[in-house]
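> Turn this into a structure:
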Amino acid sequence: MSSNKQFSLEAGKKVTYQGRHYRIAELSGISEVTLIDELSKKVFQAAIGDLEPAGEQKSAAREDLLEFDEETWLVAKGRLKVIKSLLNKAGRTRQQVAEVAQTHDLHTNTVYGWLKAYEASEMLSSLLPKKRSDKGATKLNDETEEIIKESIASEYLTKQKKSQRKVIDEVRKRCKKQGIEPPHDNTVRNRIKSLAPELVAARRLGRKVADNSFKPIEGKFPGADWPLAVVQIDHTKLDIILVDDHYRRPIGRPWITLAFDVFSRMVTGFYVSFDPPSALTTGLSLVHSILPKEKWLAKHDLDGEWPVWGLPAKIHLDNAKEFRGNMLQKACDEYGIDIEWRPVARPNFGAHVERALGTFSKEIHALPGSTFSNIREKGEYDSEARASLTLSEFETWLANYVVNVYHQKFHSMINMSPLALYRKGILGDEEAPGCGLPSKIVDEDRLRLDLMPYEMRSVLDYGIVIDKIHYYHDVIRPWINAPDLSEPRKKRKFMVRRDPRDISQIWFYDPELHIYYPIPYRDTSHPAISIWELREARKRAEAQGREDINEAAIFDAFERMREIEEQAVTKTKAVRRSVQRRKSNKSVEKPSTPAPDAVITKELNISVDEELIEPFDEMDEWS
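Numbering: from 1, shown residues only. Sure thing, here's the model as predicted:
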C-alpha cells in the first residue's frame, strides 16, 4: 500500500550510482561511501547524495494519507505499537515474536506479517487493514454493522467500562427492535478486539492514562540519545531588514523556521521567507530537514558539507496553531515521526532551538541592515538606510554560516563541534558504537506532496474551481459531476493539493489510480500568482464596486495591481515586499508528478457560485 520506501546505507547493500549497480563496500564517513563494482572489482568513493536504491524505481501510485478515516488509521497505529519492540531487532527469534503475539492475543503469523510489511517500507500505511474480499463468507448487512458500531460506541467505549457481554446484549436488543437477525456473539467480540488499543484506553480510562500507557516514559529530555532522535522546530522574526532584488530598497524583516537536532546541535534544515509562520513554512522546513542538501548547496554556490538527512524519530513543536493540523499529523504518522507538543508554561522544553536562534541573531547583528534586539543596542544606527542584502543573498549567507561556521565551531555544552558529535553519533568511536547512517527517502516528490496543504473539491463541467479560479485537464474528465459514494444526490469531493506560493497549477489525486496529476489554469494565459496576491486582487476588485467577482475580474485587478506597483515600487517598502515575494515564489520547486498527455487552454467567461468552503483550514493566519 505504501510506495514511498526508504533505502538504508550499510556495508553490503546494493545501490545505483550514475545509472549502474554497485555494492557498498564500507562507509567512508557521513558524506561518502566506498563502492565496489562486483564484475571489475573496481573500488571508488561516491557521494551519498548521488546514490539511489538498486533495481527500484519510485512509484507514483499510493493512496493519499488523508483518505483513511481516523478509525482505520488508529488500527494501523495500534499494530505498529504491537511490533515496535521487535522491529529490526538483531537475532530476533520466533519465540520472541510468539511472546509478543500471545501478549496481544494474536497469532504468531499475524505478527510476522505485520513485521514483514512494515520493515519493507517503514511506512505506517503498510499496516493499514487490507480491503476484504469476503470470498465464501457471509457479510453482515449495513444495518447490522451500524448497530454493532453504535453499540460499541455507546456501551464499550465509555468511562463506565462495561463488559463485552453488555455490548452483545445491546446489539441483540437493537436488532430485535428493528426486526434484524442478530449477529453471532463472536462477531461482536471480534469487532471489539479489532479496536485500536490506544482508542480503547483513551475512551475507557482517559487521555492521560492512554498517553502514559502508549507513549514512552522519558527522562529529563525525551530521548535525544542519537542523531535525529529529537528534532525541535521553531519560528522567529529575524533582526534584519532586507532589500528587493531589483531596486535594492528595504522591504522588511524576514521570518525563519528552523529545524534543530537536539543530540548534536546540528541544524537539520530551515526555511526563510517574508511569510508569517504557517503549516506551509513548517512543512517546507521539515522537507528541507529530511532531504539531502547537496543539490540545495550547489544551487546557492556553496562549498562545504551539510551531511544531514533522514527522518527524525521525533519532532518537538510549540503549541502554536501552525503546528496543529491533520496534514502534519497524518504525514508524521505515515513516516514514523512522533510529534511531541511543548507543555504549556514549560519554556525550557524548547531551549535548544531557541538558544541556536539566539546565537544566529547575534551574528546577524553584525550584518548591514540589522535592527538589533532593542532600542538601546541599536542607538542611532539607521537600519533601513544600511540594508543591502536581498532574501536570496541572506539565505546564502545564513547557509554558509550554518555549514562552515556554526557546525564547525566548538560548542561548550557538548565539548566538541556539532559536526564532530554528529559524526560520532553516526559512525561511533572506540567508546561506543554509532547508530549508522539514516535511510534515504526514495520518492522525494511524494514527501513534498504529503506535507503540502490540501482542499476537497468536486469536478464540475468546467473543471475544478478554487477561490473563483478554474483548473482543467482531460485527466479529470472521467470524474466530472461524479456522485458521492455514500450520498448519490451530492457531488463527490476529491483531494486537491495546492502550493500557496504558486497557484498556477494544482495537484489532483485520482482515487482509483492513487496518483497525483498536475492540473493547470484552464485559461493558461493567466500569470502565476500566489494565494496572497489572489486575495489582495479579490479585495481590490470588490473595492472597485465589482458586483460579480469572477476569474476575469480577479486577474484584471491583479494586472492593475502590477501597474501600480511598477509606478510606486520606489516609494513604499510594502509594495516592494510584494514584488519580492512574487519573485521568490517563481523559484518554487514543484513535485515532478506524472504529466497528463494534453492540456486544454480554453478561455472561460463563466460566473460560478461556489459552495462555501473554507480553504486551507490549517492556515487561518493567511486570511
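> Check which helix or strand Met456 maps to.
Using DSSP states H and E, Met456 sits within strand 454-457.
> So for that strand, what gets flagged as buried?
454-455, 457 (16 or more other Cβ atoms under 10 Å). Quick note: C-beta positions are derived from backbone N, CA and C, even for glycine.
> Let me have these in a markdown table, adding pLDDT as columns.
Formatted as a markdown table, the buried residues of strand 454-457 follow (pLDDT from 0 to 100):
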| residue | pLDDT |
| --- | --- |
| Tyr454 | 84 |
| Glu455 | 87 |
| Arg457 | 93 |
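> Could you export the residues you listed as JSON lines, including distance to Val243?
Below are these laid out as JSON lines (distance: Cβ to Cβ, whole Å):
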{"residue": "Tyr454", "distance to Val243": "35"}
{"residue": "Glu455", "distance to Val243": "35"}
{"residue": "Arg457", "distance to Val243": "39"}
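> Go ahead and produce PDB holding the CA coordinates of stretch 520-532.
What follows is stretch 520-532 as a C-alpha-only set of coordinates in PDB (Å, rounded to 0.1, in the frame of the first residue of the first chain):
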ATOM      1  CA  PRO A 520      -3.100  23.900 -14.800                       C
ATOM      2  CA  TYR A 521      -5.200  27.000 -15.000                       C
ATOM      3  CA  ARG A 522      -8.000  26.400 -17.500                       C
ATOM      4  CA  ASP A 523      -7.000  29.700 -19.100                       C
ATOM      5  CA  THR A 524      -3.200  29.200 -19.300                       C
ATOM      6  CA  SER A 525      -2.700  32.800 -20.400                       C
ATOM      7  CA  HIS A 526      -3.100  33.900 -16.700                       C
ATOM      8  CA  PRO A 527       0.200  34.600 -14.900                       C
ATOM      9  CA  ALA A 528       1.400  32.500 -12.000                       C
ATOM     10  CA  ILE A 529       0.400  34.200  -8.700                       C
ATOM     11  CA  SER A 530       0.400  33.400  -5.000                       C
ATOM     12  CA  ILE A 531      -2.600  32.900  -2.800                       C
ATOM     13  CA  TRP A 532      -1.800  36.200  -1.100                       C
END
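> Let me know how buried Ala432 is, in neighbour terms.
10 (other Cβ atoms under 10 Å).
> What of Val272?
22.
> now Lys14
14.
> for it, what are its contacts?
By Cβ atoms under 8 Å, 6 or more residues apart in numbering, Lys14 lies in contact with 21-24, 54-55.
> what do you get if the cut-off is 10 Å, keeping everything else the same?
Neighbour list for Lys14: 7, 21-24, 38, 53-56 [criterion: Cβ atoms under 10 Å, 6 or more residues apart in numbering].
> which non-adjacent residue is nearest Ile192?
Using Cβ to Cβ, 6 or more residues apart in numbering and skipping residues adjacent in sequence, the residue nearest Ile192 is Gln164, 5.7 Å away.
> wait, doesn't the one you found sit right on Leu157?
No - contact status for Gln164 versus Leu157: not in contact, 12.0 Å apart, counting by Cβ atoms under 10 Å.
> Common neighbours of the two, please.
Joint contacts of Gln164 and Leu157 (Cβ under 10 Å, 6+ apart) are Ile192.
> pLDDT score assigned to the spatially most central residue of the chain?
For the chain, the residue sitting closest to the mean C-alpha position, by Cα atoms, centre = their mean, is Leu451 at 2.9 Å. Leu451 is assigned a predicted lDDT (pLDDT) of 87.
> got it, and Arg522?
Predicted confidence (pLDDT) for Arg522: 91.
> about what we covered before: for the residue nearest to Ile192, what are its contacts?
152, 155-156, 185, 188-189, 191-193.
> how about CSV for the residues you listed, with secondary structure, neighbour count and pLDDT added?
Below are those laid out as CSV (DSSP: H, G, I helix; E, B strand; the rest coil; neighbours: other Cβ atoms under 10 Å; pLDDT from 0 to 100):
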residue, secondary structure, neighbour count, pLDDT
Ile152, helix, 21, 89
Glu155, helix, 19, 87
Tyr156, helix, 22, 88
Asp185, helix, 15, 90
Val188, helix, 24, 90
Arg189, helix, 14, 88
Arg191, helix, 20, 85
Ile192, helix, 16, 86
Lys193, helix, 12, 81
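> Convert the strand or helix carrying Tyr271 to PDB, retaining C-alpha atoms only.
Per DSSP H and E, Tyr271 falls inside strand 267-273. What follows is strand 267-273, C-alpha atoms only, in PDB (Å, rounded to 0.1, in the frame of the first residue of the first chain):
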ATOM      1  CA  VAL A 267      20.800  22.500  12.100                       C
ATOM      2  CA  THR A 268      18.900  19.900  10.100                       C
ATOM      3  CA  GLY A 269      17.000  22.400   7.900                       C
ATOM      4  CA  PHE A 270      15.400  25.800   7.600                       C
ATOM      5  CA  TYR A 271      13.100  28.000   5.600                       C
ATOM      6  CA  VAL A 272      13.400  31.800   5.300                       C
ATOM      7  CA  SER A 273      10.700  34.000   3.800                       C
END
